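> Here is a sequence together with a model predicted from it:
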Amino acid sequence: MKNLLLIAFFITAYQLNAQTVQRVYIESTEDFTNPERGFYIPLGTKASEFQLLDEAKLIHFRNQPQQLHGASYTINTSLIYRAYELDIFKDKPLSIDFLTNLQKDFDAVRKAGLKIILRFAYTNESHSGDCKDQYDICPPYGDAPREIVFNHVRQLKPLLQKNADVIAVLQEGFIGIWGENYFTDYFGCAENAAGRILDSSWVHRNLLLKYLLDAMPLNRMVQVRTPQIKQRFVYGPGAKPTAAPLSLQAAYSKKNIARIGFHNDCFLASSDDYGTFFDYGNSASKKDTANFRMRRYFEADSRYVAVGGETCDDAYSPQNDCAPIGIAEQEMAAMHYSYLNAAYNNQVNNDWDSLGCIKSIRQKLGYRFVLKQAQFPAKATRSFSVSLQLENKGYASPYNPRPVQLLLRHKKSGKIVSFNFHTNIQQWFTGKISLKQQFVLPPGIEKGAWQLLLNLPDGYRSLQSNPAYSIRLANENMWEAATGFNDLGHELIIN
């Protein structure tokens, strides 16, 4: 009897094994475009001389490798940085013409299959004087009074909500020269007589950030220029550089703490990135160095939020070079960079090209998903299970939400049946990713052979049918450019 049971066990195990197909996939080394990540192209305009985005030029940017002025390397891009200088609106509301042109820009970006990193500022020019500032930048700086700024955000809110599908991320902007939140006439500048940013100014800064978060949908983030800006928003003007970073439990909760990311516009420009990792003081404490503490905070918090920026000076060399002499990639990985400027500062970026790490950076900014292997059933009647093993070889996970779908496409009729994986792609951090799930077939499903595909479309329905906004896996012979699907190379027979 025992022998018969043993024989039955081996027969059953053999049948189950025979019904499961394991597939191994080949990784691609190709550098290709994927949404909301990589090197961006900057395209600014002044309100006083508004230059509309050129749809044909944007389509060219999206579809052809680009080599920007001063660059020794090419890029594939899915992002533009759009900076609007509100130079003629420092004392009045935004005009209907300006808002109409802004909508035209959003429309052009959408038709081109791109997304925008968005910032508003009132001036991009500085001047020197006798203020003895270390950067030779003196007041008046030329930004706008607080109530003007707040009213502009109220005016922009309907357009930001309407066009959030093509806004990858909004940068805080508005305050100070270049919208970098430092050299400001109205929101407290640490170059003033007090030598610090007082609590009253932190309150005003926090109010602007709150208005901007409220102006964007809950599924979109707002980036701030320094980690201290986030600390003092979350914990108040008295927050110390040791304030706790975002945790996994709080991440992706749609609360404000989970929706504030970072843009570092002087990446590896100095030991503290020209003041990025600095304590600018408050009413109780003076301005002081906080490089180590702020870096540790940034590294921990950035795992869960959108991070990007640009290089701004090649003085911090060889630290800003490729390994082994520099730490450029090490820093990008530790701080989870998703995008960088392809136009500035190319003294730094070109070194990455000549020293041999530019291809790695192009590929690893943001996410890069590789499918390693999968297990599928050969046949199904009522339900079936799928197991996928992937790896994220990029520096970061996707910062905006999107569905992860298993598609069945009938070989003859072309009909598609879609299933959602129970996973959050924003938590597909660097390293191994495992998906295993059982799916129930809908009643009356057509019999025959069905292709299996993985679909990672945009989170907005308005873009889900456009393959330009779908994520491509870094594997050979899987990408369907016409559909944006990733072909898993398996046919499921439904009886």
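Looks like it came in fine.
> Quick check: bridge partners of Ile117?
Partner residues in beta bridges with Ile117, using DSSP bridges, are Tyr81, Val169.
> Please look at it and Gln171 and confirm they touch.
Yes: applying C-beta atoms under 8 Å, one finds Ile117 in contact with Gln171, separated by 6.8 Å. (Each C-beta comes from the backbone N, C-alpha and C, glycine too.)
> Could you check which of the two is surrounded by more residues?
Set side by side, Ile117 and Gln171 show more neighbours around Gln171, with 28 against 25, by other C-beta atoms under 10 Å.
> excluding its backbone neighbours, what's nearest that one?
Arg119 (4.1 Å; C-beta to C-beta, 6 or more residues apart in numbering).
> And Ile327, by the same measure?
Gln319 (5.8 Å).
> What strand or helix carries the residue nearest to Gln171?
For Arg119, the element it lies in under DSSP states H and E is strand 115-121.
> contacting residues around that strand?
Here strand 115-121 makes contact (C-beta atoms under 8 Å, 6 or more residues apart in numbering) with 35-36, 40, 78-86, 105-106, 109, 143, 152, 156, 166-174, 176-179, 308, 339, 469.
> ok, back up a step: can you give me the pLDDT of the residue nearest to Gln171?
Turning to Arg119, the model gives it a pLDDT of 99.
> Pull the number of nearby residues for it.
So Arg119, with other C-beta under 10 Å, has 22 neighbours.
> There's contact between Trp202 and Pro237 in this structure, I believe.
Yes: the pair Trp202 and Pro237 passes the contact test of C-beta under 8 Å, sitting 3.7 Å apart.
> how close does the closest residue to Gly459 other than its chain neighbours get to Gln426?
The shortest distance from Gly459 to any non-neighbouring residue, by C-beta to C-beta, 6+ apart, is to Arg402 (4.3 Å). Distance of Arg402 to Gln426, given as C-beta to C-beta, to the nearest Å: 9 Å.
> neighbour count winner among these two?
Set Arg402 next to Gln426 and count neighbours by other C-beta under 10 Å: Arg402 wins out with 23 against 19.
> Surely that one is in contact with Leu456?
Yes: applying C-beta under 8 Å as the test, Arg402 and Leu456 come out as touching, 6.1 Å apart.
> if we can go back for a sec, shared neighbours of Trp202 and Pro237, which are they?
With C-beta under 8 Å, 6+ apart as the test, Trp202 and Pro237 both reach Asn282.
> So which of the two has more stuff around it?
Neighbours were tallied for Trp202 and for Pro237 using other C-beta under 10 Å; the higher tally belongs to Trp202 (24 against 18).
> show me the contacts for that one.
Taking C-beta under 8 Å, 6+ apart, one finds 188, 232, 236-237, 282 in contact with Trp202.
> let's see it at 10 Å
Listed by C-beta atoms under 10 Å, 6 or more residues apart in numbering, the contact set of Trp202 reads 187-188, 228-229, 232-233, 236-239, 280-283.
> Also Arg259?
Counting by C-beta under 10 Å, 6+ apart, Arg259 touches 169-170, 212-213, 216-223, 251-253, 305-306.
> could you redo the last one with a cut-off of 7 Å?
Arg259 makes contact with 213, 221-222, according to C-beta atoms under 7 Å, 6 or more residues apart in numbering.
> cool, Ala269 as well?
For Ala269, the contacting residues are 311-313, 315-316, by C-beta under 7 Å, 6+ apart.
> gap between Gln438 and Arg409?
To Arg409, Gln438 is 20 Å away according to C-beta to C-beta.
> Neighbour count: these two, which is higher?
Neighbours were counted for Gln438 and for Arg409 using other C-beta under 10 Å; Arg409 has more, 19 against 9.
> if I read this right, that one contacts Ala449, doesn't it?
No: assessed by C-beta atoms under 7 Å, Arg409 is found out of contact with Ala449, at 9.9 Å.
> Report the contact partners of Ala71.
By C-beta under 7 Å, 6+ apart, Ala71 lies in contact with 342, 346, 349-350.
> Tell me the secondary structure of the spatially closest residue to Met335 that is not a sequence neighbour, please.
Nearest residue to Met335 in three dimensions, chain neighbours excluded: Ser302, at 5.1 Å (C-beta to C-beta, 6+ apart). Here Ser302 takes the helix state, with states given by DSSP: H, G, I helix; E, B strand; the rest coil.
> Would you quantify the distance from Ser302 to Arg295?
The gap separating Ser302 from Arg295 is 10 Å, by C-beta to C-beta.
> quick one, which of the two is more surrounded?
Ser302 (24 against 18).
> Tell me which residues touch that one, please.
By C-beta under 7 Å, 6+ apart, the residues touching Ser302 are 262, 335-336.
> ranking these by neighbours, who comes first?
Highest neighbour count within the contacts of Ser302, by other C-beta under 10 Å: His336, with 27 neighbours.
> Shouldn't that residue be within a strand?
No: per three-state DSSP, His336 lies outside any strand segment and is coil.
> For Gly394, see how far away it is.
Note on His336: its distance to Gly394, by C-beta to C-beta, is 9 Å.
> now Leu365
7 Å.
> where exactly do the helices run in the stretch 51-200 of the chain?
In the stretch 51-200 of the chain, the helices defined using DSSP state H, counting those that start in this stretch lie at 55-63, 96-112, 146-162, 199-215.
> for the ones you listed, which one sits closest to Ile358?
Evaluated over the helices of the stretch 51-200 of the chain, closeness to Ile358 peaks at helix 55-63, with 18.6 Å, by C-beta to C-beta.
> Before I go, just wanted to say thanks for your time.
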